[in-house]
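Q: Sequence plus predicted model, see below.
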Amino acid sequence: MPSSPRAFRIREKMIQLLFAVVVAEAAATTALLFKTPLRKLVVYGLDRLKRGHGPVMVETVAATAVVILASSLYSMVKIHARSGELGAATPTDQVLMARHLLEASLLGYSLFLALIIDRLHHYTRELRSLQANIEALTKFSSASEQVRTGSS
């Protein structure tokens, strides 16, 4: 539990950052869902992110988010158990519970959207390669059809 004003400000900044991350991930998901010029930019950015040290960095950030999520859930369980013993939650416990709930839900949404973005990126790249294969096959079949009709 943060007891100092500095720790409180850090928590506030983290919640603001989580809101920004969730909004950015929702925008990236929307860009991947619809065929727009922004989709190519997002796919290019994700391609660059998945090269080199990017995957290790993403996994580290995701693992840290999971640990913070687990800590927040544990704090919620402790507050709930403490309020169960007393019969009713104190106003301080209610505020802390709301803060932990907001933090946990934002982290959960962020992790879920990251998973959705990863799968959409994978399917978009697979779709692009399948379309290229189909285009090559149609060119090949039309060329072979022209050779067949020209020779007969």
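A: Structure received.
Q: May I have the phi/psi pair for Arg82?
A: With angles defined as degrees, to the nearest 10, Arg82 sits at phi -70, psi -40.
Q: Would you confirm that it contacts Asp93?
A: Yes - between Arg82 and Asp93 there is a contact at 6.7 Å, judged by C-beta atoms under 8 Å. Where you see a C-beta, it was placed from the backbone N, CA and C, and this is true even at glycine.
Q: The two: who's more crowded?
A: Using other C-beta atoms under 10 Å, the more surrounded residue of Arg82 and Asp93 is Asp93, with 16 against 12.
Q: residue contacts, the more buried one?
A: 79, 82-83 (C-beta atoms under 8 Å, 6 or more residues apart in numbering).
Q: Could I get those residues in JSON lines, plus columns for pLDDT and distance to Gly52?
A: Output for the contacts of Asp93, formatted as JSON lines (pLDDT from 0 to 100; distance: C-beta to C-beta, whole Å):
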{"residue": "Ile79", "pLDDT": "91", "distance to Gly52": "42"}
{"residue": "Arg82", "pLDDT": "87", "distance to Gly52": "47"}
{"residue": "Ser83", "pLDDT": "84", "distance to Gly52": "48"}
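Q: From these, pick the one nearest Leu102.
A: Ile79 (13.6 Å; C-beta to C-beta).
Q: neighbours around that closest one, how many?
A: Neighbour count for Ile79, taken as other C-beta under 10 Å: 20.
Q: which ones are touching it?
A: So Ile79 contacts 89, 93, 96-97, 100 (C-beta under 8 Å, 6+ apart).
Q: can you tell me which two in the residues you listed are farthest apart?
A: Ala89 and His100 (12.5 Å).
Q: which one of the two has more residues nearby?
A: Comparing Ala89 with His100 by other C-beta under 10 Å, the one with more neighbours is His100, at 21 against 16.
Q: how near is the more buried one to Pro5?
A: 19 Å (C-beta to C-beta, to the nearest Å).
Q: SS state for the residue nearest the centre of the chain?
A: Note on the chain: the residue nearest the mean C-alpha position is Ala114, at 1.6 Å, using C-alpha atoms, centre = their mean. Three-state assignment for Ala114 (DSSP: H, G, I helix; E, B strand; the rest coil): helix.
Q: Among the contacts of Ile79, find me the one that's closest to Arg48.
A: His100 (35.3 Å).
Q: Just read off the phi/psi values of the closest one.
A: According to degrees, to the nearest 10, His100 has phi -70, psi -40.
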